[in-house]
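> I'd like to go over a predicted model; first the sequence, then the structure.
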Amino acid sequence: MVPLLVLWLGYGERRATGTSLAAIVVISLMATLLQGAYGNVELGKGLLVGLPAVAGVLIGTTIQQRVRTETIGLLFGLLMIAVAVDLVVR
Amino acid sequence: MIVAVLMGLAAGVLSGLLGVGGGILFVPALTLVLGLSQIRAEATSLLAIIPVALVGAWRQQRYGNVDLRDGAVLGALSAVGVGAGVALANVLPQKALRFGFAAVILVVAAQFIRRWHVTRTARLHSGE
């Protein structure tokens, strides 16, 4: 989502990450309902990791406002490399 | 259990910082620490992402960093994309999919790092 917004639609990094989160709200809601219908969603364990993550996202968004735009892009690039490595070695 | 909570916290920080859902940490927390199968972990990770994305988007909205219309359009388009993705995943072999996707995101990563380098060089030259 973020690469699409930054590299093709010319968004700045901060606005791209914010808008990406808004889109993810829609996607995760629909996908959860679908997976829930198959009985694959475990509410308790989801909340166990999800609730601390809400505290984390408050920290993350606050830090982000104090970081240079270009640094956000660099960190995003590094995250992509980590995901690629994970996909290949899995 | 503390490890799972800490991984959840870290997933949230990553989400807020980089605008991702956090599944990259939720899924291993759910499989490796909480013992869920891959499928159940991925499904449960989606549930965990909802409040994170909601709170993150709300905060970014207050900072003036959200284009709600584009976000809604992208979200809806992605829902269609999921259908296409599932169809594709059923046709192509798993390994080809993983390696193909890894190649695509490496190209994307290179572009982000190049942007960082160009912007940084320009800033240093302007003497800021």
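Good, I have the coordinates. Residues are numbered from 1 along each chain as shown, chains lettered A, B, ... in the order given.
> now the helices: where do they sit in chain A?
With DSSP state H, the ranges of helices along chain A come out as A:2-3, A:13-37, A:43-65, A:69-89.
> buried residues, the longest one. List them.
Okay, so that is helix A:13-37. Buried residues in helix A:13-37, counting neighbours by 16 or more other Cβ atoms under 10 Å in any protein chain shown, are found at A:13-32, A:35. No exception for glycine: its C-beta is placed from N, CA and C like everyone else's.
> gap between B:Gly8 and A:Ala53?
For B:Gly8, the distance to A:Ala53 equals 4 Å [Cβ to Cβ, to the nearest Å].
> do the same with B:Leu9
Here the criterion is Cβ to Cβ. By it, B:Leu9 lies 6 Å from A:Ala53.
> tell me which of those two has more neighbours.
Neighbours were counted for B:Leu9 and for A:Ala53 using other Cβ atoms under 10 Å in any protein chain shown; A:Ala53 has more, 35 against 21.
> could you pull up the residues touching that one?
Contacts here follow Cβ atoms under 8 Å, 6 or more residues apart in numbering or on different chains; on that basis A:Ala53 touches B:8-9, B:11-12, B:15, B:22, B:26, B:48, B:51-52.
> and chain A, which of the residues you listed reach it?
Judged by Cβ under 8 Å from any Cβ of the partner chain, the overlap between those and the neighbourhood of chain A comprises B:8-9, B:11-12, B:15, B:22, B:26, B:48, B:51-52.
> ok, of those residues, which one's closest to chain A?
B:Gly12 (2.1 Å; Cβ to the nearest Cβ).
> wouldn't that closest one be in contact with A:Gly56 here?
Yes: under the criterion of Cβ atoms under 8 Å, B:Gly12 is in contact with A:Gly56, at a separation of 2.1 Å.
> now do the shared contacts for the two.
Common contacts of B:Gly12 and A:Gly56 (Cβ under 8 Å, 6+ apart): B:22, B:52.
> and these two? Which one has more around it.
With other Cβ under 10 Å as the criterion, B:Gly12 and A:Gly56 differ in neighbour count, and B:Gly12 comes out ahead with 31 against 27.
> nearest residue to the middle of the chain?
Using chain A. Centre of chain A computed as the mean C-alpha position; nearest residue by Cα atoms, centre = their mean is A:Leu21, 6.5 Å away.
> sorry, should have said chain B
Most central residue of chain B, judged by C-alpha distance to the mean C-alpha position with Cα atoms, centre = their mean, is B:Val20 at 3.2 Å.
> tally of neighbours for the residue lying closest to that one once chain neighbours are set aside?
The spatially closest residue to B:Val20, leaving aside those adjacent along the chain, is B:Leu14, at 6.3 Å (Cβ to Cβ, 6 or more residues apart in numbering or on different chains). When neighbours are defined as other Cβ under 10 Å, B:Leu14 has 22 of them.
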